[in-house]
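# Let's see this in three dimensions:
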Amino acid sequence: GDSQVDSKIVSKLDSRVDSTIVSNIDSLVDSKIDNKIDSPIDSYNYLTSDNTYTHLTIEQLASIWRQRIPNSEIIFLSADKNFNTELLLSRLVNYMPSGPKYFPSDLITNRDERFFTCEIIRETIFRNYKDEISYSCEVEVVSFKESFLSIFTRIEANIIVSRSTQKPIVIGKGGQKLKQVATKAREKLEEFLQRKVFLTLLVKVDEDWRSKDDALVKYGYKDSDM
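Modelled structure (predicted):
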């Protein structure tokens with residue numbers, strides 16, 4: 001029955017990545033649960049821990065996440081349909097605690113360009129591969145070198161996959177898929193950095209990295225003392 005499916009999904013998170021992300025969210029969020037479900041989508045196909053899809057209603061899916069992250073507000077949204085995106089933004093602002101001003105008003109971030117390089121490449125991967133590949137990939141910037149007077153930047157980065165069978169999928173026939181991703185990522189990087197970019201992407205395997213603590217520390221998902 002549905003209750004057996006729910007307990008099966010909730011009882012085991014897909015990997016240490018999922019557990020770490022949920023733990024981080026749970027430590028930050030302390031709000032009332034919103035039991036009212038309002039969504040243009042009535043049901044979802046949910047990928048279970050044994051890699052099979054289970055059809056769930058929106059209420060069933062909400063119940064799963066309430067168990068995963070107690071004392072949290074459930075907001076269903078669709079960026080594609082622009083549904084509830086403004087609501088999410090307002091909730092995030094509302095839940096952010098007040099604190100001292102650590103940085104100048106004109107400083108928009110404390111992250112460096114290498115961080116945003118990773119994020120831009122990761123975004124490009126998500127937009128060009130199916131879910132299984134996207135969620136199994138990590139990006140590691142190996143080299144980030146600016147030319148004299150910052151006329152251009154040479155970037156070398158690795159796309160890390162969790163299984164050897166995923167590597168040829170990311171590369172594609174004759175390397176065409178990887179070339180397509182590299183081209184789109186380079187264009188986005190040039191727009192972001194406001195200068196010419198030479199981007200080299202390689203695909204490497206870090207077997208089952210999503211379930212290894214040392215890999216999660218290496219790729220920034222958790223602190224070394226967690």
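
# which sections of this structure are below the confidence cut-off?
1-55, 226 (pLDDT under 70).

# And the longest helix that it contains, what does it pack against?
The longest helix of the chain (DSSP state H) is helix 176-193. Applying 3 or more Cβ pairs under 8 Å, 6 or more residues apart in numbering; DSSP states H and E, one finds that helix 176-193 contacts helix 113-128, strand 152-161, helix 167-171, strand 196-205. The C-beta positions use only the backbone N, C-alpha and C, and glycine is treated the same way.

# who's in contact with the residue most central in space within the chain?
Centroid-nearest residue in the chain, with Cα atoms, centre = their mean: residue 135, separated by 7.2 Å. Under the criterion of Cβ atoms under 8 Å, 6 or more residues apart in numbering, residue 135 has no neighbours.

# Now name the helix or strand holding it.
In the assignment (DSSP states H and E), residue 135 maps to helix 131-136.

# Give me the buried positions along that helix.
Neighbour counts over helix 131-136 (16 or more other Cβ atoms under 10 Å) mark 133, 135-136 as buried.

# ditto for stretch 118-128
118, 120-122, 124-125, 128.

# quick one: contacts of it?
Contact with stretch 118-128 is made by 133-134, 137-141, 157, 159, 177, 180-181, 184-185, 188-189, 192, 201, as judged by Cβ under 8 Å, 6+ apart.

# Tell me the one among the buried residues of stretch 118-128 nearest to residue 214.
Nearest to residue 214 out of the buried residues of stretch 118-128 is residue 118 (Cβ to Cβ; 18.5 Å).

# ok so, going back, the helix holding residue 135: how far from the chain's middle?
Put simply, helix 131-136 sits 10 Å off its chain's centre (Cα atoms, centre = their mean, to the nearest Å).

# what comes up buried for the helix or strand just after that helix?
The helix or strand immediately downstream of helix 131-136 is strand 138-146, counting by DSSP H and E. Using 16+ other Cβ under 10 Å as the test for burial, strand 138-146 gives 138-140.

# which secondary structure elements does strand 138-146 contact?
helix 113-128, strand 152-161.

# okay if I get the ones you listed as JSON lines plus distance to residue 220?
As requested, the helices and strands packed on strand 138-146 are arranged in JSON lines below (distance: least, Cβ to Cβ, whole Å):
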{"stretch": "helix 113-128", "distance to residue 220": "9"}
{"stretch": "strand 152-161", "distance to residue 220": "12"}
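
# Looking at those, which is nearest to residue 73?
Nearest of those (Cβ to Cβ): helix 113-128, 24.9 Å.

# angle of that closest one against strand 196-205?
70 degrees (axes from the mean of the first three to the mean of the last three Cα atoms, to 10 degrees).

# any idea how far helix 113-128 is from the chain center?
Worked out by Cα atoms, centre = their mean, helix 113-128 lies 10 Å from the chain centre.

# Please apply the same query to stretch 145-154.
29 Å.

# same deal with stretch 116-132?
8 Å.

# rewinding a little: nearest to residue 60, out of the helices and strands packed on helix 176-193?
helix 113-128 (25.7 Å).

# Dump the closest one to PDB, keeping only the CA atoms.
Extracted in PDB, the C-alpha atoms of helix 113-128 (Å, rounded to 0.1, in the frame of the first residue of the first chain):
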ATOM      1  CA  GLU A 113      35.500  33.500  -9.100                       C
ATOM      2  CA  ARG A 114      36.600  29.800  -8.800                       C
ATOM      3  CA  PHE A 115      33.400  29.100  -6.800                       C
ATOM      4  CA  PHE A 116      31.200  30.700  -9.400                       C
ATOM      5  CA  THR A 117      33.100  28.900 -12.200                       C
ATOM      6  CA  CYS A 118      32.100  25.600 -10.600                       C
ATOM      7  CA  GLU A 119      28.500  26.700 -10.200                       C
ATOM      8  CA  ILE A 120      28.200  27.800 -13.800                       C
ATOM      9  CA  ILE A 121      29.600  24.600 -15.100                       C
ATOM     10  CA  ARG A 122      27.300  22.600 -12.800                       C
ATOM     11  CA  GLU A 123      24.300  24.600 -14.000                       C
ATOM     12  CA  THR A 124      25.300  23.800 -17.600                       C
ATOM     13  CA  ILE A 125      25.500  20.100 -16.800                       C
ATOM     14  CA  PHE A 126      22.000  20.100 -15.300                       C
ATOM     15  CA  ARG A 127      20.600  21.800 -18.400                       C
ATOM     16  CA  ASN A 128      22.200  19.300 -20.800                       C
END
